[in-house]
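J.: Whatever this is, show me its structure:
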Amino acid sequence: MKKKKALITGITGQDGSYLAEFLLKKNYTVHGIKRKSSSYNTDRIDQIYENKKFKSRFFLHYGDLVDFGSISEIIKEIKPDEIYNLAAQSHVGVSFKLPNYTTQVNAIGTLNILDSIKKLKLEKKTKFYQASTSELFGEIQEKKQSENTKFYPKSPYASSKLFAYWITKNYRESYNMFASNGILFNHESPRRGETFVTRKITIGISKIINGIDDCLYLGNIYALRDWGHAKDYVEMCWKVLQCNKSDDFIIATEKQYSVKFFIEKCFQYLGIKIVWVGKGLKERALIKKFDKQKYPKLKDRMVVVKIDKKYFRPNEVDNLIGNSTKAKKILNWKPKTTIYKLISEMMDNDLKLFNKKR
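T.: Presented below is the predicted three-dimensional model:
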């Protein structure tokens, strides 16, 4: 049986690295696109090069989503069976500061891939997956967001992803292209970028434990999110392209937790009890109970979490939870990792990381 060829944009990111490993285990030949940089940023995929079984089927190409020529040339050379567009400027807060760049990468970048498939006449060969986002829903219209929920983006990031979502549907309907959207709700892992709130929490706590920092500063700790594990979600991305026809799917756990809950459970996993005092911008978390021999850097009543208004977004999305009934029914998929398992993986990873740096 002929090996399938997959092309992954954003391969050096959290999702890209997990997806590359997943596809290689399924005997794919995997090609990835990375931007030319003066520094190495391949730490998430270095283990693939070190794996003798994968090395001969794994290739990287320099390219940039905003450069139609480079993207088109790569697709022309590879002629992939599947393209997974995971590259993005994906930080919501950053998108308010860099709206133009965010739009170029997320919106025009997606269009460049779709138009390359069309102009190279690969519509019948190449299947396209667009990584969409729960941020499309923004201002909540329904208790649980499904494929039929109206969109109401509340950030430049979400707005750019809305274009990408609709242009994917447009090319599907206009040119009979296999082009699908996976609307992913929040998904985390030890490979999550350090500026995202869950990783910021696990890193911040690890630094406090090791005496590197005294306190963790956060914004809206009452935001509610539907958190899953990235490793589970990339399997769903693959399943979306194995369907008989292209379609759009919600990828979510259907369980919801606050940022505050995530903080508490991270400390609890370490055997540390915290207590919250104050309200609004003056709310903070203090150490209430801990093992003094195990954690000599901590102190009784030590303030470990404070609220800082600079971490609030100009336009907050307070409440997201997905309805993944369609994916469960059609794709026979369900998440495998609980929030508690996710927290333990992330905490263990970052504790080891900062133990090494001491």
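J.: what about residue 138, how many neighbours?
T.: Residue 138 has 22 neighbouring residues, counting by other C-beta atoms under 10 Å. (Glycine included, C-beta is placed from N, CA and C.)
J.: thought residue 328 was touching residue 334?
T.: Yes: between residue 328 and residue 334 there is a contact under C-beta atoms under 8 Å: 5.8 Å.
J.: between the two, who's got more neighbours?
T.: Ranked by neighbour count (other C-beta under 10 Å), residue 328 and residue 334 place residue 328 first, with 15 against 12.
J.: Which secondary structure element is home to the more buried one?
T.: Using DSSP states H and E, residue 328 sits within helix 325-331.
J.: Contacts for that helix, please.
T.: Helix 325-331 is contacted by residues 146-147, 236, 239-240, 243, 247, 249-251, 333-334 when judged by C-beta atoms under 8 Å, 6 or more residues apart in numbering.
J.: same deal with stretch 203-218?
T.: Contacts of stretch 203-218 with the rest of the structure, by C-beta under 8 Å, 6+ apart, involve 194, 197, 200-201, 259, 263, 266-267, 270, 295, 297-298, 302-308, 311, 347, 350-351, 353-355, 357-358.
J.: Put the alpha carbons of it into CSV.
T.: The C-alpha trace of stretch 203-218 is given here as CSV (Å, rounded to 0.1, in the frame of the first residue of the first chain):
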residue,chain,number,x,y,z
ILE,A,203,5.7,27.4,34.9
GLY,A,204,4.9,30.1,37.5
ILE,A,205,4.2,27.6,40.3
SER,A,206,7.4,25.6,39.4
LYS,A,207,9.4,28.8,39.7
ILE,A,208,7.9,29.6,43.0
ILE,A,209,8.6,26.1,44.3
ASN,A,210,12.2,26.4,43.3
GLY,A,211,12.7,29.9,44.7
ILE,A,212,13.2,31.5,41.3
ASP,A,213,10.1,33.8,41.6
ASP,A,214,7.9,34.9,44.5
CYS,A,215,4.5,35.3,42.9
LEU,A,216,2.4,34.5,39.8
TYR,A,217,0.6,37.4,38.2
LEU,A,218,-2.6,36.7,36.2
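J.: now it: mean pLDDT?
T.: When pLDDT is averaged along stretch 203-218, the result is 95.
J.: hang on, the earlier thing: next SSE after the helix holding residue 328?
T.: Downstream of helix 325-331, the first helix or strand assigned by DSSP H and E is helix 339-357.
J.: just the helices in the protein please.
T.: 14-25, 46-49, 52-55, 68-78, 92-97, 99-103, 109-119, 156-175, 197-209, 230-241, 259-269, 325-331, 339-357 (DSSP state H).
J.: how about these in TSV, adding distance to residue 186?
T.: Shown next, in TSV, are the helices of the chain (distance: least, C-beta to C-beta, whole Å):
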stretch	distance to residue 186
helix 14-25	12
helix 46-49	25
helix 52-55	28
helix 68-78	28
helix 92-97	11
helix 99-103	18
helix 109-119	21
helix 156-175	13
helix 197-209	8
helix 230-241	10
helix 259-269	10
helix 325-331	16
helix 339-357	11
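J.: of all those helices, which lies closest to residue 220?
T.: Nearest to residue 220, of all the helices of the chain, is helix 259-269, at 6.9 Å by C-beta to C-beta.
J.: okay, the angle between the closest one and helix 339-357?
T.: 60 degrees (axes from the mean of the first three to the mean of the last three C-alpha atoms, to 10 degrees).
J.: Mind giving me the packing neighbours of helix 259-269?
T.: For helix 259-269, the elements it packs on are helix 197-209, strand 216-218, strand 273-277, helix 339-357, judged by 3 or more C-beta pairs under 8 Å, 6 or more residues apart in numbering; DSSP states H and E.
J.: what about 7 Å?
T.: Secondary-structure packing of helix 259-269 (3 or more C-beta pairs under 7 Å, 6 or more residues apart in numbering; DSSP states H and E): helix 197-209, helix 339-357.
J.: Can you say which of these is packed in most?
T.: Greatest average neighbour count among the helices and strands packed on helix 259-269 goes to helix 197-209 (a mean of 23), per mean count of other C-beta atoms under 10 Å.
J.: and that helix with helix 259-269, angle?
T.: Going by the same axes, to 10 degrees, helix 197-209 makes 40 degrees with helix 259-269.
J.: Before I go, just wanted to say thanks for your time.
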